[in-house]
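> Quick check, what structure comes out for this input:
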Amino acid sequence: MTEHLDGSWFTEIFDRHGSAFSLKVSHKLHDEQTPYQHLEVYATETYGNLMVLDGCVMLTDRDNFLYHEMMSHPALFTHAAPKRVVIIGGGDCGTLREVLKHPGVEKVTQIDIDPAVTRASEQFFPALVESNDDPRAELLFEDGVKWVDNCPDESIDVLIVDSTDPVGPAEGLFKTDFLKRCHRILKQGGLMVQQSESPLYHTDSIIKDLRNDMGEAGFDSVATLPFPQPVYPSGWWSCTLAGKGCDVKAFREEDAAAATFARDFYTVEGHRAALVLPPFMQRLLEK
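So this is what the prediction gives:
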């Protein structure tokens with residue numbers, strides 16, 4: 001994927017798939033080469049602020065709730081009683097905010113390698129960091145893979161891998177060996193969820209490989225949940241859940257329906273529907 005700025009338009013080009021996504025911008029708010037990636041923030045005319053990493057759209061004010069809610073609520077309502085949650089990546093802190101809406105959660109540790117992402121979120125996306133001072137939240141800036149290596153066996157209830165695309169700093173988060181380490185630190189009945197790219201573009205590659213690798217890592221149930229995400233390649237995204245001694249296709253529907261915290265996308269009916277993959281995905285995954 002490549003970035004192209006032409007006048008007042010920011011365009012992310014997906015060469016391999018012959019497509020692109022553009023947003024009309026008014027001006028650039030931030031430009032920084034961190035030790036890990038190129039970080040930019042733009043003001044757009046219709047999507048609020050836009051964060052870009054290495055030329056790839058990460059989030060906007062207008063539609064980030066779709067991703068952050070689906071990366072958190074399905075997993076937390078699937079686990080029987082999530083108390084200890086870990087987020088690998090997620091430096092913008094939107095997923096952290098959603099996790100902390102669950103009153104039964106006792107501690108959330110977020111590990112992102114690049115503190116510049118969180119600093120940019122604090123400055124340009126204040127709504128995403130509004131729960132950072134919650135006493136249950138712990139923010140660490142270090143290598144997530146190494147953190148997992150040092151984590152005790154069977155000590156985590158839910159592990160959320162909120163990573164960028166499987167290149168650069170996030171490449172190691174999509175490897176079978178890393179998934180085995182994730183399985184090790186999860187308690188029985190625990191689960192992990194990982195962002196798994198576009199169903200339209202990546203079902204027969206990234207999604208299929210990830211599901212197979214999760215099985216090889218020891219997880220005994222897997223489910224991929226598609227959801228809309230206009231600013232990402234194809235406008236359609238997914239997360240994949242994997243369970244350790246639990247069925248990730250079953251969730252606490254009554255608890256989800258009774259929850260009173262604010263959400264803009266997640267619903268019980270939507271969760272149930274997302275578990276039913278469209279026929280084309282089923283065919284590609286069965287090949």
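> Can you list the residue ranges for strands in this protein?
2-6, 9-14, 19-33, 38-44, 49-53, 56-60, 84-89, 107-111, 137-140, 156-162, 186-195, 221-228, 236-244 (DSSP state E).
> Quick check: which of these is nearest to G215?
G215 lies closest to strand 221-228 among the strands of the chain, at 6.6 Å (Cβ to Cβ). In this view, the C-beta of every residue, glycine as well, is placed from N, C-alpha and C.
> Could you name the helices and strands sitting against the closest one?
When contacts are defined as 3 or more Cβ pairs under 8 Å, 6 or more residues apart in numbering; DSSP states H and E, strand 221-228 sits against helix 64-70, helix 208-216, strand 236-244, helix 268-274.
> Contact partners for the closest residue to V193 other than its chain neighbours?
Once flanking residues are discounted, V193 sits nearest to A75: 4.2 Å by Cβ to Cβ, 6 or more residues apart in numbering. Applying Cβ atoms under 8 Å, 6 or more residues apart in numbering to A75 gives the contacts 82, 158, 160, 191-193, 241.
> run the last query once more with 6 Å
158, 193, 241 (Cβ atoms under 6 Å, 6 or more residues apart in numbering).
> distance of the second one from A43?
Taking Cβ to Cβ, to the nearest Å as the measure, V193 falls 32 Å from A43.
> more neighbours, these two?
When neighbours are counted by other Cβ atoms under 10 Å, V193 and A43 differ, and V193 comes out ahead with 26 against 15.
> coming back round to it: and the contacts of A75, which is closest to V148?
V158 (13.7 Å).
> Okay, and the beta partners of that closest one?
Listed by DSSP bridges, the beta-bridge partners for V158 are V85, L191.
> Just the pLDDT for it.
V158 is assigned 98 on the pLDDT scale.
> Would you agree it is in contact with V85?
Yes: using Cβ atoms under 6 Å, V158 is in contact with V85, at 4.7 Å.
> backbone phi and psi for E45, please?
Backbone geometry at E45, expressed as degrees, to the nearest 10, gives phi -80, psi -30.
> tally of neighbours for it?
Per other Cβ under 10 Å, the neighbour tally for E45 reads 10.
> which ones are touching it?
24, 26.
> quick one: contacts for H73?
Contacts of H73 (Cβ under 6 Å, 6+ apart): Y266.
> change it to 8 Å
Listed by Cβ under 8 Å, 6+ apart, the contact set of H73 reads 98, 256, 263, 266, 271.
> I'd like to know which of the residues you listed is nearest to C56.
Looking across the contacts of H73 and measuring by Cβ to Cβ, the closest to C56 is E98, at 21.9 Å.
> A127 versus K175, what's the distance?
Here K175 is placed at a distance of 33 Å from A127 (Cβ to Cβ).
> What's the separation between the residue nearest the centre of the chain and Y36?
Central residue of the chain (Cα atoms, centre = their mean): D162, 3.4 Å from the mean position. As judged by Cβ to Cβ, D162 and Y36 stand 16 Å apart.
> what does M192 give?
In this view, M192 and Y36 are 23 Å apart by Cβ to Cβ.
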